[in-house]
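In: fold the stuff below for me.
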Amino acid sequence: GGSDGRFRVWDAETGAELRSGMAATLWWEVNAAEEDEPQTQESPGAGQTPEPTPVPLPTPSSAEGQQSITTPETQPEASTSTSERVDATGLIVFSQARPTGVELFVAPSNGDDPIQLSESPANEILARWSPDATQIAYLRYDPETDGTDVWVMDPTAPAEPRPVTTHGVVDFDSYTWMPDGLSILYYGPQANGSESDVYQLKIDSGKVMTLTADYTGWDASPAPSPDGQWIAFVSDRSDQGKTLDEIWVMRPDGTDLANLTDNGDAWEDVRPAWSPDGAQIAFFRWNLAAAADAPGGPVGLWVMNADGNDQRFVYAYEGPVVEDAPVWSPDGKLIALTLLKEGDYDVWVVPSGGGEAVNVSNLPGDDTGISWSPDSTALTFTNETEEGLWQIVAAADGSSTYPLMPGEITGYGAWSPVAEPAIASIDDPAP
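Out: Purely as a prediction, here's the structure:
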């Protein structure tokens, strides 16, 4: 890991950085060290899970010199019984290790009858539904060229995906669709590599627009308002130059900038997330330059009106220990967040108006990448341990937590934003 929290891979002999971000994570997962003994894969969950025997899977023939993926030979039972699996609406798109590489699948919350969406010698990860669920964007890593690009598919015609970028140097760990479904937002290194900017990528043309080119400092974590009229983001900009991180907003073209959390030099405000109705913004507050009892605290999850007024405390934790931005449930009643407690990142759910938080994961390893079901009854996220990745489903009240596909290496998933998205298999003829 680096100082910015991004996963990185270095050459052990030269010390040169080989990869960073999601490309590094994928490379590490797919390319287990050749000299290592195979690891037993065990799906996490409440209760005991039988230990499967791992067998190596061949990697794509085009990826010369790549090591094998390890996955279980026997399928362990789900950590909870079938009756305890949640019956939430929508479908989960996720990545799964297969003999040909890492492919995209969709499945309902019970994991039954998964449908394969991709089949290529490349590796597809970090799939995200468009707001109307008529498109799925994802990152495609090609082991042959060691390049990563953004691709998009129509889920009703998955055999005909198309590239959005073709330069092979995509290097970001997260992104979000604009509400109109015409572009995605992300943040990444500036051209000189010194700081970070917010970018907009047009899906139809692959054109990239730098939305924060007016500032040479740190701009990150873009989040569009539900109506697409504003983009909230984090910046250390001020009239005096670099300062502590604050929540800012701007128009989709980068104009009309405003600081929503101009609270002096005591507190950092980061990771904005709009409520489904666009009336509120959730964010995290912590202090790096002042005492914990400085005015304006405490450290924790906060919510404010969309104009920055009425900033109110929701849930306390010892920070800075958050991994992802907070995630509102579609009905606006709950907020999910990842917190570092006792050495692991777990997923917690708290009422958006404040109240008792529930740990819905409580699994070994780190739980990240939260996504809600359309009916607000369940969440999905990725659990990462030393043994592998697991796509997890959890009831919002914490009553049930289980791997979506027991025994399979899966992860980087997202729930569809609509209850019944149209979908087809890679093997189905195009409509």
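
In: distance check, P403 against D367.
Out: According to CB to CB, to the nearest Å, P403 stands 12 Å off from D367. All C-beta atoms are positioned from the backbone trio N, CA, C, and that covers glycine.

In: so what sits against both of those two?
Out: Common neighbours of P403 and D367 (criterion: CB atoms under 8 Å, 6 or more residues apart in numbering): N383, I392.

In: okay, those two: which has more neighbours?
Out: Set side by side, P403 and D367 show more neighbours around D367, with 30 against 24, by other CB atoms under 10 Å.

In: name the nearest residue to D366, sequence neighbours excluded.
Out: Y345 (4.1 Å; CB to CB, 6 or more residues apart in numbering).

In: T165 reaches V150, doesn't it?
Out: Yes: using CB atoms under 8 Å, T165 is in contact with V150, at 4.8 Å.

In: what is in contact with those two at once?
Out: Jointly contacting T165 and V150 under the rule CB under 8 Å, 6+ apart are L201, G206.

In: of those two, who's got more company?
Out: Remark: of T165 and V150, V150 carries more neighbours, 21 against 18, as counted by other CB under 10 Å.

In: quick check: bridge partners of that one?
Out: Counting by DSSP bridges, V150 forms beta bridges with L139.

In: my read: the residue nearest to D366 touches P364, true?
Out: No: counting by CB under 8 Å, Y345 does not reach P364; the two are 11.0 Å apart.

In: the two: which is more packed in?
Out: When neighbours are counted by other CB under 10 Å, Y345 and P364 differ, and Y345 comes out ahead with 23 against 14.

In: can I get the helix or strand hosting that one as PDB, trimmed to CA atoms?
Out: Element membership for Y345 (DSSP states H and E) is strand 344-351. The C-alpha trace of strand 344-351 is given here as PDB (Å, rounded to 0.1, in the frame of the first residue of the first chain):
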ATOM      1  CA  ASP A 344     -10.500  -5.600  10.200                       C
ATOM      2  CA  TYR A 345     -12.800  -3.400   8.100                       C
ATOM      3  CA  ASP A 346     -16.500  -4.400   8.700                       C
ATOM      4  CA  VAL A 347     -19.700  -3.100   7.200                       C
ATOM      5  CA  TRP A 348     -22.000  -1.300   9.700                       C
ATOM      6  CA  VAL A 349     -25.500   0.000   9.100                       C
ATOM      7  CA  VAL A 350     -26.900   3.000  11.100                       C
ATOM      8  CA  PRO A 351     -30.200   4.900  10.800                       C
END
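
In: after that strand comes which helix or strand?
Out: Strand 344-351 is succeeded, C-terminally, by strand 358-359 (DSSP H and E).

In: any idea of the mean pLDDT for that following strand?
Out: Mean pLDDT, strand 358-359: 94.

In: and that strand, what does it pack against?
Out: Counting contacts by 3 or more CB pairs under 8 Å, 6 or more residues apart in numbering; DSSP states H and E, strand 358-359 packs against strand 344-351.

In: residues contacting the strand it packs on, please?
Out: Contact partners of strand 344-351, identified using CB under 8 Å, 6+ apart, comprise 301, 314-315, 323, 333-339, 356-368, 370, 379, 381, 394, 396-398.

In: what does stretch 197-208 give?
Out: 135, 137, 150, 152, 163-166, 175, 178, 181-190, 209-213, 219-220, 222, 231, 233, 252.

In: try 6 Å this time
Out: Contact with stretch 197-208 is made by 152, 164-165, 182-187, 190, 209-212, 219, 222, 233, as judged by CB atoms under 6 Å, 6 or more residues apart in numbering.

In: tell me how many other residues crowd D307.
Out: Using other CB under 10 Å, D307 has 11 other residues around it.
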